[in-house]
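[1] Need coordinates for the below:
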Amino acid sequence: MPKLAAIPFSLLELSPMQQGSTVSSTLANSVAYAQRADELGFNRFWMAEHHNMPGIVCAATSVLIGHIAGQTQNIRVGAGGVMLPNHPPLIVAEQFGTLESLYPGRIDLGLGRAPGSDHITCRALRRDERRAENFADEVTELQSLLGPSDGVSPVRAIPGENTNVPIWLLGSSLYSAQLAAKKGLPYAFAGHFAPRFVYDAIALYRREFQPSNVLDKPYVMLGLPVVVADTDEHAAFLSTTSKQRILALLRGDPLWLTPPVKTMDGLWNTQEQAQVESFLGLSVVGGPVTVAHKLKMIAKELGVDEFIFTNDLYESKDRHRALEILSDLKNS
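    All right, here's what the predicted structure looks like:
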């Protein structure tokens, strides 16, 4: 059984917003959350990219990364991720080259090929949906823009050139796993919302991995929804917040962060319950002993090199307490 002390713990943040709250206070909560994670020795703090989703305020990913990096000391800050078909590679290279220049050695660039929103919003982003088909080529272009000048290309990322910002490929299917393996890049699987292909994707990535000047062996980071509290019972109660959010997502409703409830009975029907539980199939819920056991089992079964947790609890004090418990698990 692997020891948790040997596995880095990181965090994925969507800046969840309570209904009636403000964007300013929500982002202030994200900063305080990142600062506590920094104090406790967490490895990374990544911001997602979502658009047109009431209840989630992480649309301007690179702006938030710069703000949080400026408010923390040691933790790596990055994108989990930038949805590359939404952005020209040159712009991404300039933004993240600037971030790396401001906060040397602390910036990560995770790349995805999903839209991060609905089809109407994609059009508002001026997104050509066919660009997803060119994802592999655009990753290569971005690597080139962030690497040393070849002395030939007339287009250079200034700043960005030769910053060599670490690039990760993010995915919830076999495509990104295969591409990450081919390019010899680290791979992050989105188990926090798409557990279906987790076994096949990680196995494919490890099996087909080709060493590169970035990595000599595969490196897997697994996204997990985690609800940890002082007792199993309290964690189960707190977990109803994330269940309500996923239910809202399935129904096409706003994704406000809602208070936990004693029971979900009456809030969903049998089919919706099955869908929510499938969505959260890799969710780790419990007190310290339960969570430690579950994380060790997942790490052993999947060969995980690093965990990146979502921690969508209603109260900031519960989120901070979860960080403290997770930190204690690593140090025990």
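
[2] pLDDT score assigned to Thr121?
    Listed pLDDT for Thr121 reads 72.

[3] likewise the one 10 residues further on?
    Here the pLDDT value assigned to Arg131 is 71.

[4] same question, the one 3 residues further on
    You'll see Asn134 listed with a pLDDT of 84.

[5] Please name the nearest non-neighbouring residue to it.
    Closest residue in space to Asn134, ignoring its immediate chain neighbours: Pro85 at 7.9 Å, by C-beta to C-beta, 6 or more residues apart in numbering. In short, each C-beta sits where N, CA and C put it, glycine included.

[6] I'd assumed Leu111 was in contact with the one you found.
    No: at 9.9 Å, Pro85 does not count as touching Leu111 under the criterion of C-beta atoms under 8 Å.

[7] Now do the helices in the protein.
    Remark: helices assigned in the chain by DSSP state H are 23-39, 61-70, 89-102, 119-124, 135-146, 174-183, 198-208, 232-238, 240-251, 270-279, 288-302, 316-331.

[8] for the stretch 1-150 of the chain, which spans come out with low pLDDT?
    For the stretch 1-150 of the chain, applying pLDDT under 70 flags the ranges 1, 115-119, 126-129.

[9] make it 50
    For the stretch 1-150 of the chain, not a single residue meets the criterion pLDDT under 50.

[10] returning to what we had before: for the helices of the chain, give me a markdown table that also has distance to Trp46 and mean neighbour count.
    Formatted as a markdown table, the helices of the chain follow (distance: least, C-beta to C-beta, whole Å; neighbours: other C-beta atoms under 10 Å):
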| stretch | distance to Trp46 | mean neighbour count |
| --- | --- | --- |
| helix 23-39 | 10 | 17 |
| helix 61-70 | 8 | 20 |
| helix 89-102 | 13 | 21 |
| helix 119-124 | 22 | 13 |
| helix 135-146 | 17 | 19 |
| helix 174-183 | 16 | 21 |
| helix 198-208 | 18 | 18 |
| helix 232-238 | 22 | 18 |
| helix 240-251 | 18 | 20 |
| helix 270-279 | 20 | 14 |
| helix 288-302 | 19 | 17 |
| helix 316-331 | 15 | 17 |
